[in-house]
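Engineer: Structure for this input, please:
(2 chains)
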Amino acid sequence: MEGGTVRIQPDGILGAMVASEGFRGNTTLVNGAGGCRSRAQIVLRDLVPEYREEDPRCCGSPFFSRQSRLPCTYLGSDDIVFGTGCKVSEGLDAVRSVKGGRTVLVDTLGASLLCTDYSRIPSEGTVICDADLASMSFHEGFDLMTESVLCSMDIDGPGTDGPSVNILGYNLSDLGWVQGREELTRLLLAMGVRVNAFVGCDCTDGEVATSGSSDLNVVVHPEYAIGTSRFYSDTFGTPALVPSMGAPVGYAATRSLLTEVADRLGVDPAPALGMVSADESLVLSRLMNCNKVVDSLRAKGFALEGDSSTVYPLMVWMHTVFRMVPRSVVLHDGAYLAEVVGFLDGIGAGDAMGSGDTGDCEVVFTDGVTAGHGVLMDPARSHVAIGMPYPGVVDLMRRCMVATSGCRYILDTMLNGIGRFGCGQPSNVDMR
Amino acid sequence: MDYISNYIQLPIMFKISVYGKGGIGKSTVSANLSHALSAGGARVLHVGCDPKHDSTRLLTDGVPVATFAESGPDALVDTGCGVSCVECGGAPVGTGCAGRGMAMLFESISDVDADYRVCDVLGDVVCGGFSIPLREDNVDAVVLVTSGEFMSLYACNNILRGISNLNGRDCVLGIVMNRRGDIGEELRVRRFAEAVGLPVVCDIPRSDRFREAEARGSTLVSLFPDSEEAAAIGDLVRAVTSDPVLHPASPLSDDAMTDLAAGRPVRDGCRDVSRSRGCSFEMYDHDRGMTYSGSYVMPSCTSHGAVEAGLRVPDAAVVLHGPRNCAYLMEYAFRRRMLQEHGQRPGPLPSCNLYSTGIDGGTLFRGDAEAVSEAVSRAVSDGFRTVFLVHSCATEIAATDLAGIAASLSDELGADVVAIEPDANFLGSRFGGLSGMMDRLVSYMDPDVPVEPGTVNLVSRWFHGFGRERNRRELDLILGSMGMRLNTMFLDHCTIPEISRFCAGEVDVQVGASRINGQVCDTISERTGRPRALVLDPPVGLSQSLAWVDAVCGRTGRDPASARELLRRRYLDGISPLRERVRGRRAMVYCYSHTDVQWQLEVLRDLGVEVVKVVFVKGNVVDAAEAVPAYDGLDVEWDGSYCGFLEDYRRLGPDIVVANDHNRIARSGARWCSMNPTVFGIGGAVEWARRLCDSMDLPTGLGWKVGL
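Structural biologist: Alright, predicted model coming up:
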């Protein structure tokens, strides 16, 4: 399997692009060579399933090069010699005239070495992130860009119209984020809690405008939202809730999140918890019909690699519910490092931390491309995609990671991916 | 002590940048200025911006200080006399990027509380190290240091050009004349000053006292406070402290500078004309010999082609010297393509042996050799004995010496570490670095390998699916008809031993007439002494398959007759049963870009379909010297358009449109058939003919789009 594992992690430049594209009112202008644009475009097309028609107004401008998404300054050798100032200022004008709204300029490393003086560019309607994004992780770049965009927006201050929250950290890198948004909104609404904004996850300017009035920021994936959370705290005094069990991945972590939100806001979580339990009951009853496969997972190994806020609850879920044993845990960040290490040590599986050895594992939770490779080349075990990059999946099955839909996606992929034929009686009535 | 001016409390820090030609005395003037300002009671932050970090030694008793590159924010040193010092430092001479480091330094010291900041800046180089201290946020007053030497004045004029480009405000305080003692130097400096409209704010005599002070690691003003030289520094201090008058940067033209050098009166009206340029997007792709023009822009890249080619050598590693993001996106694209091609190619999915040096701005500032060494070491410890080092645009800008690093790593690690030659034209190709990588791979071909009769090598940058099993069957059928077989497909997942055995092939075929493929074949021929490869298109249809037979048999002296007959019979056996379905129908061909459509026309003819018109749409990519086939007896429009097509379509009323731009054709409501084959060879033509017949019988449009 090692040959099929994506080994290189993206840096803050891609994180900044994904964050910027998570605001509906933004157009992201890449300041770099055309090659920097073309593949980032493919990543983003994978992450945004909605069909967005090409805007014919983009045809006339070379900054768009006949494609609407991620316009680019298309730096060439002349620009390297004479500087990028001309293309940056004309590019910003071109994007503004075609798209309107906010233009977010993201410097690639090559462009940043040319040290364009952005202080001379009119700041209205423009967000410029000229930090050394290449030195940052994907998460840090995402966080910095989200904060930078928020700083440029008009956001209303505190209000008083009923309990409401913002969701921070949840973003387009969850393949099924559209479904994830719907799920979280539905569950919170069942407790009488309104979601004002999923900040950086396809949020509109209108949603963000109300985000300053939220009573609480629910930091679903804290690795993506430390700075963003601080921004709301410093600007509006909005408190933040970092879920103790990580992101709502699995039934227990979902219930935990809902309970913690209810506690902080003083509302009754019962209706939402009831919805989660009802879904869980239905799923478990289905699992009873294939209990041979499910039961066989006991003491089998599993491997995880991904964001710590996803890995932690997923690991606890697999171990607690299916009695599986983590053999390899690789984290892309440290947000839940202590919790993960504590849990592994607690169950005597401390060696799994950072192991990277997936050889003795029945199930591998990993990025989409690695999982796709595993499905084709290693079909005897299960490979579940829990993060980007994805191999160009057309998702019609609501494959999100969070809440009850996330539970179904994970269980469905995991159990159907196990290539084992259970010989013997198809059913065993007297044992049920 | 004339150099001391009593400090007047300033509301905000006043920022001074000292510029001038390299070696003209900027550091000496800067250090004395800083000391003198502090002696007047001001708090001074002295910033040495030159990577050689020698600006502050006169303020620190000659003791070098740790640089910002080495120690980060801890590099700020308090001299105890009211001056805080920091040296930017940076990568070893000739490497790295001063600009990025400067940006980091200025960010780091942005909250240092001082009354004056004195920046001792690099000479008149064109990079961020020069420009960042000039930005409006970073400077209030620029001081130009010059002697009477012409090159020093020329440098001052260039600096003024830089100021006018980078900082639109009036920000030039004036000129410091640092005398060398040349005859007539005062006159030259004053003429220059007058011509550019600047005052000479300080006239420093040539003096051995400066040398003595430097030898003792001190400023002149502290050792000789009552000297004539200290008094001159005092003039500069007063210009800075007593309501400084700032002037615009008004550089002279080159003609005016020539007048100055010749001692002639400087001509009026010789102000420098702005050299600002418009934005240009027209790019020449040197790899493919074509120009991108109009609104469609070449997505140029420094490393794409080199990495993509290198990853098709499964027993070698590719180290991309660039930020992680570049490598991440290339790994993603490679793996995604391999996943999508799964099932078309036998065996396991190719692995992706790509490593990243993971550099950032800080790495380039401090020096990037260690990052390269670390990444190459990882590849070697993973078992790779051949490692290709590829530039990214960032490291080309920083002029990293990859060849030198590769040579030393080869010795150190005992592996074949190879720096891939970057493109001659920086950012001048969509497939950056491809030529360099292909050149390198060709060098592995061993010309002394004995030739194995009856074997064929294929050469192409990209094999258009030749690796697919079905295509290989078709290819084997064509080669087998001549009693031949395949030796190597260069470059389609070939190991280095396979590449080294390339010369075992009896005959070489260049697949596709592209310029890139031609260059590779030329190189192979030059390096190995083999005859130039035959140039053939991927064989689709009868005549192209027969062209392979004729060319290969012609080169090897075989009789093509039986092979021709075998292929012809197979073709007719496939086509003949389909004729009755479509004979007498009418087709139009619409082709975006100039592509050879001869095999499609051949199939249409053999099916008995009348071709009413062939339309080519040129697009914005201008092909240079691309061979255009002749289509005798057909109505061909070479420079058509979609609108023109619509008119023709309505006028001619064909039964079907054969197109390679079916998105657009589908919108027209026409019944269409894609012109692209799914398989090469005779089988591909027969399969396409069947698809054409089916398309004729199917309703127009696509059902799923109805109602959208």
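
Engineer: helix/strand/coil for the closest residue to chain B within the stretch 1-150 of chain A?
Structural biologist: Ranking the residues of the stretch 1-150 of chain A by distance to chain B (Cβ to the nearest Cβ) places A:G35 first, at 2.7 Å. From N, CA and C alone the C-beta is placed, and that goes for glycine too. A:G35 carries the three-state label helix when classified by DSSP: H, G, I helix; E, B strand; the rest coil.

Engineer: tell me the contacts of it?
Structural biologist: Listed by Cβ atoms under 8 Å, 6 or more residues apart in numbering or on different chains, the contact partners of A:G35 are B:P299, B:S300, B:C301, B:T302, B:H304, B:R430, B:G432.

Engineer: quick one: the fourth one and B:I397 touch, right?
Structural biologist: Which is B:T302. No - with contact taken as Cβ atoms under 8 Å, B:T302 and B:I397 are classed as non-touching, separated by 9.3 Å.

Engineer: ok, back up a step: leaving out chain neighbours, which residue sits closest to the residue of the stretch 1-150 of chain A closest to chain B?
Structural biologist: Counting by Cβ to Cβ, 6 or more residues apart in numbering or on different chains, B:C301 is the residue found nearest to A:G35 once chain neighbours are left out, at 2.7 Å.

Engineer: did I read that right, the one you found in a strand?
Structural biologist: No - secondary structure of B:C301 (three-state DSSP): coil, not part of a strand.

Engineer: What values do phi and psi take at it?
Structural biologist: Geometry field for B:C301 lists phi and psi as phi -150, psi 150, criterion degrees, to the nearest 10.

Engineer: residues near the residue of chain B found nearest chain A, how many?
Structural biologist: With Cβ to the nearest Cβ as the measure, B:C301 is the residue of chain B nearest to chain A, at 2.7 Å. The burial metric for B:C301, expressed as a neighbour count using other Cβ atoms under 10 Å in any protein chain shown, is 29.

Engineer: repeat for B:H342
Structural biologist: One way to gauge burial is a neighbour count; for B:H342, by other Cβ under 10 Å, it gives 16.

Engineer: need the contact list for the residue of the stretch 151-300 of chain A found nearest chain B.
Structural biologist: Nearest residue of the stretch 151-300 of chain A to chain B: A:S173, at 13.0 Å (Cβ to the nearest Cβ). The contact partners of A:S173, taken as Cβ under 8 Å, 6+ apart, are A:V18, A:L47, A:G387, A:M388.

Engineer: for B:D697, same thing?
Structural biologist: B:D697 makes contacts with B:R581, as judged by Cβ under 8 Å, 6+ apart.

Engineer: Next secondary structure element downstream of the host helix or strand of B:A256?
Structural biologist: Using DSSP states H and E, the secondary-structure element containing B:A256 is helix B:254-262. Where DSSP H and E defines the elements, the next helix or strand beyond helix B:254-262 is strand B:283-285.

Engineer: Would you tell me whether whatever helix or strand comes next after that following strand gets close to chain A?
Structural biologist: Tracing the chain past strand B:283-285, the next element assigned as helix or strand by DSSP H and E is strand B:290-292. No - Strand B:290-292 lies out of reach of chain A by Cβ under 8 Å from any Cβ of the partner chain, never closer than 9.0 Å.

Engineer: partners of strand B:290-292 in the sheet?
Structural biologist: Here the strand partners of strand B:290-292, with direction, are listed using DSSP bridges: strand B:283-285 (antiparallel), strand B:621-623 (antiparallel).

Engineer: quick one: which of the ones you listed has the weakest pLDDT on average?
Structural biologist: Ranked by mean pLDDT, those bottom out at strand B:621-623, which scores a mean of 55.

Engineer: Can you point out the buried residues in the following helix or strand past that strand?
Structural biologist: Towards the C-terminus, the helix or strand next in line after strand B:621-623, according to DSSP H and E, is strand B:636-640. By neighbour count on 16 or more other Cβ atoms under 10 Å in any protein chain shown, the buried set for strand B:636-640 is B:V636, B:G640.

Engineer: tell me what strand B:636-640 is packed against?
Structural biologist: Here strand B:636-640 is seen to pack against strand B:610-617 when contacts are counted using 3 or more Cβ pairs under 8 Å, 6 or more residues apart in numbering or on different chains; DSSP states H and E.

Engineer: how far does the strand it packs on sit from the chain's center?
Structural biologist: From the chain centre to the centre of strand B:610-617 is a distance of 40 Å (Cα atoms, centre = their mean, to the nearest Å).

Engineer: pLDDT below threshold where in chain A?
Structural biologist: In the predicted model of chain A, residues A:1-3, A:54, A:81, A:160, A:419-432 satisfy pLDDT under 70.

Engineer: Domain-wise, how is it divided?
Structural biologist: A:8-137, A:164-275, A:280-417 (automatic domain parsing).

Engineer: Identify all contacting residues around the helix or strand harbouring A:V165.
Structural biologist: Counting by DSSP H and E, the element that carries A:V165 is strand A:164-168. Residues lying outside strand A:164-168 but in contact with it, judged by Cβ under 8 Å, 6+ apart, are A:181, A:184, A:188, A:193-201, A:210-211, A:213-221, A:224-225, A:228-229, A:232, A:238, A:240, A:261, A:265.

Engineer: CA atoms only for the following helix or strand past that strand, dumped as PDB, please.
Structural biologist: Scanning the chain past strand A:164-168 towards its C-terminal end, the next helix or strand to appear is helix A:177-190 (assignment: DSSP H and E). Coordinates of each C-alpha in helix A:177-190 appear next as PDB, following Å, rounded to 0.1, in the frame of the first residue of the first chain:
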ATOM      1  CA  TRP A 177     -19.900  19.500   2.900                       C
ATOM      2  CA  VAL A 178     -23.200  20.400   1.300                       C
ATOM      3  CA  GLN A 179     -24.900  17.600   3.200                       C
ATOM      4  CA  GLY A 180     -22.800  18.300   6.200                       C
ATOM      5  CA  ARG A 181     -24.100  21.800   6.400                       C
ATOM      6  CA  GLU A 182     -27.700  20.600   6.100                       C
ATOM      7  CA  GLU A 183     -27.200  18.000   8.800                       C
ATOM      8  CA  LEU A 184     -25.600  20.300  11.300                       C
ATOM      9  CA  THR A 185     -28.100  23.000  10.700                       C
ATOM     10  CA  ARG A 186     -31.000  20.600  11.000                       C
ATOM     11  CA  LEU A 187     -29.800  19.100  14.300                       C
ATOM     12  CA  LEU A 188     -29.000  22.400  15.900                       C
ATOM     13  CA  LEU A 189     -32.300  23.800  14.800                       C
ATOM     14  CA  ALA A 190     -34.000  20.900  16.500                       C
END
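
Engineer: Packing partners of helix A:177-190?
Structural biologist: The criterion is 3+ Cβ pairs under 8 Å, 6+ apart, and the helices and strands that helix A:177-190 contacts are strand A:164-168, strand A:194-199, helix A:251-265, helix A:270-288, helix A:403-417.

Engineer: which of those sits most buried?
Structural biologist: Most buried of the helices and strands packed on helix A:177-190, by mean neighbour count (mean count of other Cβ atoms under 10 Å in any protein chain shown): strand A:164-168, with a mean of 26.

Engineer: Direction included, what does that strand pair up with?
Structural biologist: Using DSSP bridges, strand A:164-168 pairs in its sheet with strand A:194-199 (parallel), strand A:216-219 (parallel).

Engineer: What are the buried residues along the next helix or strand along the chain from the shortest one?
Structural biologist: On the C-terminal side of strand A:216-219, the closest following helix or strand by DSSP H and E is helix A:226-236. Judged by neighbour count using 16+ other Cβ under 10 Å, the buried positions of helix A:226-236 are A:I226, A:G227, A:T228, A:S229, A:F231, A:Y232, A:F236.

Engineer: What parts of the stretch 51-200 of chain A come near chain B?
Structural biologist: Residues of the stretch 51-200 of chain A lying near chain B by Cβ under 8 Å from any Cβ: A:59-62, A:64-66, A:72, A:74-78, A:80-83, A:86-87, A:90-91, A:108-110, A:112-115, A:117, A:119-120, A:132, A:134-135.
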